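Chemist: when you get a sec, could you give me coordinates for this:
(one chain, ligands or ions: 2)
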Amino acid sequence: MKDNYYKEVWAKCLDIIKDNIDKDAFDTWFKPLQAISLKDDTLTIKVPSVFFYEWIEANFIKILRAAVRKVIGPNARLLYTAQLDGNNEPTFPSNNKDVTVNPPKRVPMVVERNNHNDTINPFVIPGIQPLHIDSQLNENYSFDNFIEGSCNQLARSAGYAVAQNPGKTAFNPFFIYSNVGLGKTHLAHAIGLETKRLHPEKTVLYVSADQFFQQFADAVKHGTVNNFLQFYQMAIDVLIIDDIQFMKRESVQNIFFQIFNGLHQAGKQIIVTSDKAPSEIVGLEQRILSRLKWGLNAELQVPDLDTRIKIIKKKLFNEGGITMPEEVIEYLAYSVNTSIRELEGALISLVAQSSLSRQEITIDLARQIVDRFVKSNTREITVEYIQKVVCGYFNISVETMLSKSRKVNVVTARHISMYLSRKLTKEPLVSIGQKCGKKDHATVLHACKVVSNIMDVDKSFKKDLELLEKKIKD
Ligand code: ADP
Ligand code: MG
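Modeler: Ligands and ions are numbered 1, 2, ... in the order given. Now for the predicted structure:
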């Protein structure tokens with residue numbers, strides 16, 4: 001047998017593997033491997049680090065096993081040796097002293113780690129750059145598309161500074177918070193995209209806290225927590241964690257704490273978003289909260305009218321330059337004033353509605369859409385509105401209901417109006433009475449009592465009332 005027969009064998013294995021995985025993965029994970037020897041169907045290969053071996057095992061074991069068996073035969077075994085050249089100092093401190101780290105996963109059928117190897121240093125990963133990690137960034141969420149206004153000035157400019165110099169500004173961690181739909185996710189992506197544009201060699205990763213938890217749970221299940229930890233601590237230069245308020249479990253908070261510390265010590269950038277300021281987040285450990293306060297906390301506020309108009313115009317422009325009368329744009333911006341996501345939703349519906357029904361985009365059409373959109377969230381239920389719906393149901397006018405009429409249906413409508421006003425609004429009894437034909441608060445109480453008594457005995461009345469209530473709320 002030729003001396004370097006093992007090399008040919010390994011080359012054949014590599015050919016098979018190459019055909020079955022994508023090129024980036026092959027270049028990253030298989031090119032650095034070297035065959036060392038082949039004895040009695042056991043092929044030994046050298047990996048640059050333990051991390052490499054664990055990664056390969058976790059991700060490519062099936063194809064690796066198939067290739068080795070095909071080339072060497074059914075009894076093929078694979079032995080890894082992780083021997084590092086030189087005397088590398090850890091480039092990364094271990095932070096996992098108080099975390100339970102499960103041993104790496106073993107696939108004993110084929111893979112055994114060579115335990116007599118010399119200096120395994122799990123904290124150094126030579127030859128691993130550049131890693132091909134999908135940053136999970138959405139190209140549309142760029143700075144270019146992020147309209148500036150006084151509502152977001154601090155956050156935006158700090159974010160911009162972070163992208164210029166990730167990890168090197170005082171804004172580390174950079175903590176962005178706001179109510180929903182005000183641009184946290186967008187801004188976080190923008191920072192990531194800009195960082196990649198300016199520093200292509202940096203590895204940026206965006207994950208939602210949910211995803212992070214899922215990955216962690218998987219790692220626990222498969223005994224690869226070590227990999228998980230190493231991956232986050234070593235491979236990432238800019239870590240973006242979105243919606244940290246969802247990171248509720250203690251176990252995942254612990255691991256995040258480790259990763260946070262490791263990255264921070266190594267001068268890597270951390271960006272975190274949340275629906276609340278750090279001091280107000282419930283359920284997150286104190287030590288994490290205090291870490292989050294280290295850097296900069298920036299709030300995104302509701303944009304003012306002018307900024308909302310600019311946002312609409314930008315969206316229209318991005319949608320291929322759809323035109324819309326100025327007054328409609330203003331109407332939309334004026335009416336949808338709580339969240340940018342809703343503003344966008346209303347805009348999309350309006351455009352869709354107009355093109356589907358081939359109607360022009362007019363204020364009237366916009367009003368219909370806005371009614372539908374804004375009603376359920378922001379419209380307040382008023383006594384007057386309740387009266388209108390109830391009277392409509394009884395087919396009488398509001399004036400009649402407010403008159404002194406003692407007709408049965410008028411009295412019932414009056415009673416129900418008072419009952420629902422008490423239930424669905426925050427108005428005091430006195431003012432409900434005033435608005436229902438200048439009655440006093442005792443009359444309102446009496447009306448409420450009558451209505452609940454009837455409901456107790458009359459099922460169809462109860463049903464009607466529920467329907468009415470639903471109609472008012474919708
Ligand atoms: P959050 O994460 O705070 O809930 P998002 O980042 O998902 O909010 O934003 C909701 C929508 O509003 C997204 O489609 C986003 O592109 C848009 N948006 C938010 N802020 C701006 C802004 N300043 N300029 C333009 N679009 C914005
Ligand atoms: Mg978000």
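
Chemist: in this protein, which helix or strand is least confident?
Modeler: Taking mean pLDDT, DSSP states H and E as the measure, the helices and strands of the chain show their lowest mean at strand 111-113, namely a mean of 35.

Chemist: next SSE downstream of that one?
Modeler: For strand 111-113, the succeeding helix or strand toward the C-terminus, using DSSP states H and E, is helix 153-164.

Chemist: what about that next one, near ligand 1?
Modeler: No. Legend: contact between helix 153-164 and ligand 1 by C-beta under 6 Å from any ligand atom is lacking; minimum distance shown is 7.6 Å. Yep, even glycine has a C-beta here, placed from its N, CA and C like the rest.

Chemist: and that helix, average pLDDT?
Modeler: On average, the pLDDT along helix 153-164 is 95.

Chemist: what helices and strands are in contact with the longest helix anywhere in the chain?
Modeler: What stands out as the longest helix in the chain, according to DSSP state H, is helix 50-72. On a contact count with 3 or more C-beta pairs under 8 Å, 6 or more residues apart in numbering; DSSP states H and E, helix 50-72 meets helix 5-20, helix 23-29, strand 77-81, strand 111-113, helix 225-234.

Chemist: pick the most buried one from the ones you listed.
Modeler: Most buried of the helices and strands packed on helix 50-72 by mean neighbour count (mean count of other C-beta atoms under 10 Å) is helix 225-234; its value is a mean of 22.

Chemist: which strands and helices sit next to that helix?
Modeler: Using 3+ C-beta pairs under 8 Å, 6+ apart, the elements in contact with helix 225-234 are helix 50-72, helix 209-222, helix 250-265.

Chemist: ok and the longest one relative to helix 209-222, angle-wise?
Modeler: Counting by axes from the mean of the first three to the mean of the last three C-alpha atoms, to 10 degrees, helix 50-72 points 60 degrees away from the direction of helix 209-222.

Chemist: could I get the average pLDDT for whichever helix or strand residue 443 is part of?
Modeler: Assigned by DSSP H and E, residue 443 belongs to helix 441-457. Looking at helix 441-457 alone, the average pLDDT works out to 92.

Chemist: which elements pack onto that helix?
Modeler: If contacts are counted by 3+ C-beta pairs under 8 Å, 6+ apart, helix 441-457 sits against helix 408-424, helix 429-435, helix 459-473.

Chemist: that helix: how far from the chain's middle?
Modeler: 47 Å (C-alpha atoms, centre = their mean, to the nearest Å).

Chemist: get me the contact residues on this protein for ligand 2.
Modeler: 184, 185 (C-beta under 5 Å from the ion).

Chemist: output the below-cut-off pLDDT ranges for the chain.
Modeler: Low-confidence regions of the chain, defined by pLDDT under 70, span residues 1-2, 48-52, 82-132, 374-380.

Chemist: so what's the residue most central in space within the chain bridging to?
Modeler: The centroid of the chain falls nearest to residue 208 when counting by C-alpha atoms, centre = their mean (4.1 Å). Applying DSSP bridges to residue 208 yields these beta-bridge partners: residue 242.

Chemist: touching, it and residue 242? I think so.
Modeler: Yes. Residue 208 is within contact range of residue 242, at 4.5 Å (criterion: C-beta atoms under 8 Å).

Chemist: hang on, the earlier thing: how about the helices and strands packed on helix 225-234 in JSON lines, adding mean neighbour count?
Modeler: Formatted as JSON lines, these follow (neighbours: other C-beta atoms under 10 Å):
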{"stretch": "helix 50-72", "mean neighbour count": "19"}
{"stretch": "helix 209-222", "mean neighbour count": "16"}
{"stretch": "helix 250-265", "mean neighbour count": "19"}
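
Chemist: would you mind giving these as TSV with distance to ligand 1 added?
Modeler: As requested, the helices and strands packed on helix 225-234 are exported to TSV (distance: least, C-beta to the nearest ligand atom, whole Å):
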stretch	distance to ligand 1
helix 50-72	31
helix 209-222	12
helix 250-265	19
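
Chemist: which one of those lies nearest to residue 299?
Modeler: Residue 299 lies closest, by C-beta to C-beta, to one member of the helices and strands packed on helix 225-234: helix 209-222, at 18.8 Å.

Chemist: residue contacts, the residue of the chain found nearest ligand 2?
Modeler: Closest to ligand 2 within the chain is residue 185: 3.3 Å, counting by C-beta to the ion. Neighbouring residues of residue 185 by C-beta atoms under 8 Å, 6 or more residues apart in numbering: 141, 242, 273.

Chemist: residue 286 versus the second one, what's the distance?
Modeler: Read it as residue 242. 22 Å (C-beta to C-beta, to the nearest Å).

Chemist: between those two, who's got more neighbours?
Modeler: Per other C-beta atoms under 10 Å, whichever of residue 242 and residue 286 has more neighbours is residue 242, with 22 against 7.

Chemist: and this structure, which residues reach ligand 1?
Modeler: Checking the chain against ligand 1 by C-beta under 6 Å from any ligand atom, the hits are 141, 145-147, 152, 178, 180-186, 311, 340-341, 344.

Chemist: of the residues you listed, which belong to helices?
Modeler: Within these, residues falling in helices by DSSP H are 184, 185, 186, 311, 340, 341, 344.

Chemist: okay then, goodbye and thanks.
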